[in-house]
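Student: with the input below, show me the fold.
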Amino acid sequence: MIKQSITTTDAHVVREHLSSLLQVKNLVVLLGSGASFHLGSPQTRNLSNQKVLELITSAGGAASGTDAALLSVINPSDNGDLEQLLNGLQLATSLARQAGQGSVALGTGGDAKTYPNEQVESLRRSINRALADACRLPAETATLEPPFDSDPLRAHRTFLSRIVRSRRSNLPRPRIFTTNYDLVIERALDELGFPYIDGFSGTVDRRLNLAYYGLDFHRVETTTQTVVARAEGALYLHKVHGSLNWRSSVERDPLTGLESLEVRQSADAAVGDDLVLIYPTAAKESDSLAYPYSDLLRLLGDAVQQEDTAILAVGYGFADPHINRLLLRSLASNPALNVFVADPKAVLSDEDLVTVTDNADALGGSLAETGVTPKSTAIAALAMGADSRIAVLTGDFGKFSELAELMPDTGTQGSVSPPAAITSLIEALERATSRVTPPLAGDDGP
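Tutor: Model (predicted):
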């Protein structure tokens, strides 16, 4: 059902709805790649073979003529989905190994060519590394639109700050879940000075310790160590598909001699094969069953099953079955669950969106009754559903950068001031101080 047609003057309608959602007992925020598009997050669909090769070379890799030929076989339409490309490469080598062959024949009829397994696997690894490198945001090669060209993290700071400051102090901490590899959320929280728990223990040697999600921050009296109150501005961060600064290693316990997988945070910016990431392939659902992803997804499943819960899904395209399953099950079993989805393009084409917004009689009716054809996407299916607990915001206001400004703002604007403004203030004070004439030696002053 079409609940509301929003214009700039009607923005308060969305803000009021968001304000009510922010006051539920358990707030779950799910951020996908769409939350980073304004920072140059890589597109993974409708890619030509040349674009894939450019993605590899921009990450410092070397794309050979054989790689180009292999891509043309895997993606003959020259308009591919990166997930499907990686699936094809992975499937080709898997079948060859299963048959005990060192190479795989690809193509049809007389055009079929044989490629060594290592060559096919090498191209897959190169694309994976290039994708991870492209997620280092803001992208150096991207031309960002104002105001993000001078203040890239403005939208993330605004979004996170308003979520934290708009909730009553006696409510549980917000829980942020993200499928993104980038470090934009962490950097924005650091700029805000907000404490957060990301599941890691330690300072110098930071290791994943999921028991830390059971901890919280409190203010104490420094002299008596008495708890004064719960600290403000804190939240929990869960990166369910891994992160660019996570590294894996197999370690042997010195007491028992047993080996186990450890996940550590690293300051090293190099992209290697030890990155702890779930890459976009058909195997990502089975990958999610392994450590640490299975434990992180369990935390998501627990969070959405709580009473009086709201899910804010922003920039998430519902392309991950293992996450969708958790959300749909919670909708089926948790009547006290509300879902808000924001996406600018997933429901209607630009033309159909204009048709709906220009038709005042469309309010209260279904999309089918307006004469438009919704897209064949999961978000469009949610929008067409009859469940009043689900609200979908589409159009320009569905962009993360626009939604951040729509979030209710009960805090101070100074909390999201860009660091550049603070730096300029310090520099101005230093210049003013330098203009003061110092007293002469031996002069005690007035």
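Student: contacting residues for Asp149?
Tutor: Neighbouring residues of Asp149 by C-beta atoms under 8 Å, 6 or more residues apart in numbering: Thr143. Glycine gets a C-beta too; all of them are placed from N, C-alpha and C.
Student: Leu39 now?
Tutor: Here Leu39 is in contact with Leu137, Pro138, Ala139, Ala142, Leu144, Phe148, Pro152, Asp182, Val184 (C-beta under 8 Å, 6+ apart).
Student: so for Pro321, what's the pLDDT?
Tutor: Pro321 carries a pLDDT value of 92.
Student: I should have written Thr226 there, sorry.
Tutor: At Thr226, the pLDDT recorded in the model is 85.
Student: would you check that it makes contact with Val220?
Tutor: Yes. Thr226 is within contact range of Val220, at 6.3 Å (criterion: C-beta atoms under 8 Å).
Student: was I right about Asn359 contacting Thr370?
Tutor: Yes. Assessed by C-beta under 8 Å, Asn359 is found in contact with Thr370 at 6.1 Å.
Student: mind checking which of the two has more residues around it?
Tutor: More crowded of Asn359 and Thr370, by other C-beta atoms under 10 Å: Thr370, with 18 against 15.
Student: so the more buried one sits against Val356, correct?
Tutor: Yes. Assessed by C-beta under 8 Å, Thr370 is found in contact with Val356 at 5.5 Å.
Student: can you list residues touching both of those two?
Tutor: Ile2, Ala362.
Student: which strand or helix spans the residue nearest to Asp198 when sequence neighbours are not counted?
Tutor: Excluding the flanking residues, the one nearest Asp198 by C-beta to C-beta, 6 or more residues apart in numbering is Leu237, at 4.6 Å. Following DSSP states H and E, one finds Leu237 within strand 235-239.
Student: tell me the mean pLDDT over that strand?
Tutor: Strand 235-239 comes out at a mean pLDDT of 98.
Student: that one packs against which elements?
Tutor: Helices and strands touching strand 235-239, by 3 or more C-beta pairs under 8 Å, 6 or more residues apart in numbering; DSSP states H and E, are helix 154-166, strand 175-178, helix 184-192, strand 196-197, helix 293-304.
Student: now do the same end-to-end measure for stretch 345-365.
Tutor: End-to-end distance for stretch 345-365: 20 Å, by C-alpha to C-alpha, to the nearest Å.
Student: name the helices or strands packed onto the longest strand along the chain?
Tutor: Longest strand of the chain, by residue count under DSSP state E: strand 242-252. Judged by 3+ C-beta pairs under 8 Å, 6+ apart, the packing partners of strand 242-252 are strand 259-265, strand 275-277.
Student: between it and strand 235-239, how many degrees?
Tutor: Angle between the axes of strand 242-252 and strand 235-239 is 80 degrees (criterion: axes from the mean of the first three to the mean of the last three C-alpha atoms, to 10 degrees).
Student: parallel or antiparallel, which strands does strand 242-252 pair with?
Tutor: Partners of strand 242-252 in the sheet, by DSSP bridges, are strand 259-265 (antiparallel), strand 275-277 (antiparallel).
Student: can I get that strand in CSV, CA atoms only?
Tutor: Taking Å, rounded to 0.1, in the frame of the first residue of the first chain, the C-alpha atoms of strand 242-252 are listed here in CSV:
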residue,chain,number,x,y,z
GLY,A,242,34.0,-9.6,8.0
SER,A,243,36.1,-6.5,7.7
LEU,A,244,39.1,-5.1,5.8
ASN,A,245,41.1,-5.0,9.0
TRP,A,246,40.4,-8.5,10.1
ARG,A,247,43.1,-11.1,9.6
SER,A,248,43.0,-14.9,10.2
SER,A,249,45.6,-17.2,11.7
VAL,A,250,45.8,-20.7,13.0
GLU,A,251,47.4,-20.8,16.4
ARG,A,252,48.4,-23.6,18.8
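Student: contacting residues around that strand?
Tutor: Under C-beta under 8 Å, 6+ apart, the answer for strand 242-252 is 132, 135-136, 181-183, 208, 239, 258-268, 271-272, 274-278, 292-293.
Student: try it again at 7 Å.
Tutor: Strand 242-252 has contacts (C-beta atoms under 7 Å, 6 or more residues apart in numbering) with 132, 135-136, 181-183, 259-266, 274-278.
Student: in that strand, what counts as buried?
Tutor: Under the neighbour-count criterion of 16 or more other C-beta atoms under 10 Å, strand 242-252 has Gly242, Ser243, Leu244, Asn245, Trp246, Arg247, Ser248 buried.
Student: gap between that strand and the chain center?
Tutor: 19 Å (C-alpha atoms, centre = their mean, to the nearest Å).
Student: same thing with stretch 311-327?
Tutor: 11 Å.
Student: ditto for stretch 400-410
Tutor: Averaged over its C-alpha atoms, stretch 400-410 has a centre that lies 17 Å from its chain's centre (C-alpha atoms, centre = their mean).
Student: what about Arg15, which SS state?
Tutor: helix (DSSP: H, G, I helix; E, B strand; the rest coil).
Student: what mean pLDDT does stretch 401-409 have?
Tutor: 94.
Student: sorry, back to before: give the ChimeraX command for selecting the buried subset of the contacts of strand 242-252.
Tutor: Buried residues within the contacts of strand 242-252, by 16+ other C-beta under 10 Å, are selected in ChimeraX with:
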select :132,135,136,181,182,183,263,264,265,266,275,276,277,278
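Student: make CSV from the strands paired with strand 242-252 and add mean pLDDT to it.
Tutor: Below are those laid out as CSV (pLDDT from 0 to 100):
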stretch, mean pLDDT
strand 259-265, 90
strand 275-277, 89
